[in-house]
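Peer 1: Sequence and predicted model, in that order:
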Amino acid sequence: MKFETIVYNMQGEETGKITLPENIFGVAYNADLLHSVVTAMQANNRTPVAHTKDRGEVRGGGKKPWKQKGTGRARHGSSRSPIWKGGGVTHGPRNEKIYTQKINRQARQKALLVALSRKFKDGEIIFVDSINMEVPKTVQAKAVIAGLTNAGFKFKRATNAALVALTERHAPTMKSFANIGNINVEEVRTLNPVNVLSSKYLIISNPEAAFETLGKKRVVKAVETK
């Protein structure tokens, strides 16, 4: 089965159609694979912040509260015991905990293709022949978004409304979108399931060059999505 879609220019005008590779945009949906890879990537990106002190780290408590025998009270060795107010915390969160999970390279690559295929099926991928600003100008970036909005795409989300994928790093273009809070910019080679699924729309610039980069991912048998 051939996958064809419309290609737009920076003004949001249709410039023609392009045939999409089936091994990139025709991969069968695999929810289990996508979930496992996304959750593992999020865990790997996690920075432990919550941290509690145990009884050996809490200040004070060096002196035995009262003598061992003869007071009629329970015996205690420190006022910083976890059962005392102001004492250490037992089994609390520690910032040295490691959340890293192993992700197989082929699983990660296939998950990206699954995410791209799903987004294409849902009509959330926009192909633009070229997005290239000569100088950093936010007004030009807003004009691109306005043109695509007139073409029928609604960028209403306050955050992660769209992810712009460039075939190579281009500083003026990236800086042009930097002041638009709900638009992010990445290179095609750094696309992953997390940033693809985090944004409502994926805008791919220079599709043919992007396909060449994405084609280097693990090739899987194309299956028509249902």
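Peer 2: Sure thing, it's come through.
Peer 1: pLDDT of the longest helix along the chain, averaged?
Peer 2: For the chain, the helix with the greatest residue count under DSSP state H is helix 105-121. Mean per-residue pLDDT for helix 105-121: 95.
Peer 1: which outside residues touch that helix?
Peer 2: 3, 5, 20, 23-30, 33-34, 36-38, 41, 125, 191-193, 196-197, 202, 214, 217-218, 220, 225 (CB atoms under 8 Å, 6 or more residues apart in numbering). For glycine as for every other residue, the C-beta is placed from the backbone atoms N, C-alpha and C.
Peer 1: Kindly report the domain assignment for the chain.
Peer 2: 3-46+100-214, 49-98 (automatic domain parsing).
Peer 1: Whichever strand or helix holds Asn23 packs against which elements?
Peer 2: Following DSSP states H and E, one finds Asn23 within helix 22-25. Helix 22-25 sits against helix 105-121, with contacts defined as 3 or more CB pairs under 8 Å, 6 or more residues apart in numbering; DSSP states H and E.
Peer 1: Which SSE is immediately downstream of the helix it packs on?
Peer 2: strand 125-128.
Peer 1: That next one pairs with which strands?
Peer 2: Sheet pairing for strand 125-128, assigned by DSSP bridges, gives strand 3-8 (parallel), strand 201-205 (parallel).
Peer 1: Model confidence score at the residue sitting furthest away from the middle of the chain, please.
Peer 2: Taking CA atoms, centre = their mean, the residue of the chain most remote from its mean C-alpha position is Gly70, at 62.8 Å. We have a pLDDT of 94 for Gly70.
Peer 1: From Leu214, how far out is it?
Peer 2: Applying CB to CB, to the nearest Å, the value for Gly70 to Leu214 is 78 Å.
Peer 1: quick one on the thing from earlier: by how many degrees do the helix or strand following the helix holding Asn23 and helix 105-121 diverge?
Peer 2: Note on helix 22-25: by DSSP H and E, the next helix or strand toward the C-terminus is helix 31-44. With axes from the mean of the first three to the mean of the last three CA atoms, to 10 degrees applied, the angle from helix 31-44 to helix 105-121 works out at 110 degrees.
Peer 1: Helix 31-44 packs against which elements?
Peer 2: Contacts defined by 3+ CB pairs under 8 Å, 6+ apart place helix 31-44 against helix 105-121, helix 193-198.
Peer 1: lowest-pLDDT helix or strand in the chain?
Peer 2: strand 3-8 (a mean of 90; mean pLDDT, DSSP states H and E).
Peer 1: got the CA positions of the next helix or strand after that one in PDB?
Peer 2: Scanning forward in sequence from strand 3-8 by DSSP H and E, the next helix or strand is strand 14-20. The C-alpha trace of strand 14-20 is given here as PDB (Å, rounded to 0.1, in the frame of the first residue of the first chain):
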ATOM      1  CA  GLU A  14       0.100  23.100  -1.100                       C
ATOM      2  CA  THR A  15       3.100  22.500  -3.300                       C
ATOM      3  CA  GLY A  16       2.400  18.900  -4.300                       C
ATOM      4  CA  LYS A  17       2.300  15.400  -2.900                       C
ATOM      5  CA  ILE A  18       5.000  13.000  -1.700                       C
ATOM      6  CA  THR A  19       5.000   9.200  -1.400                       C
ATOM      7  CA  LEU A  20       6.000   8.100   2.100                       C
END
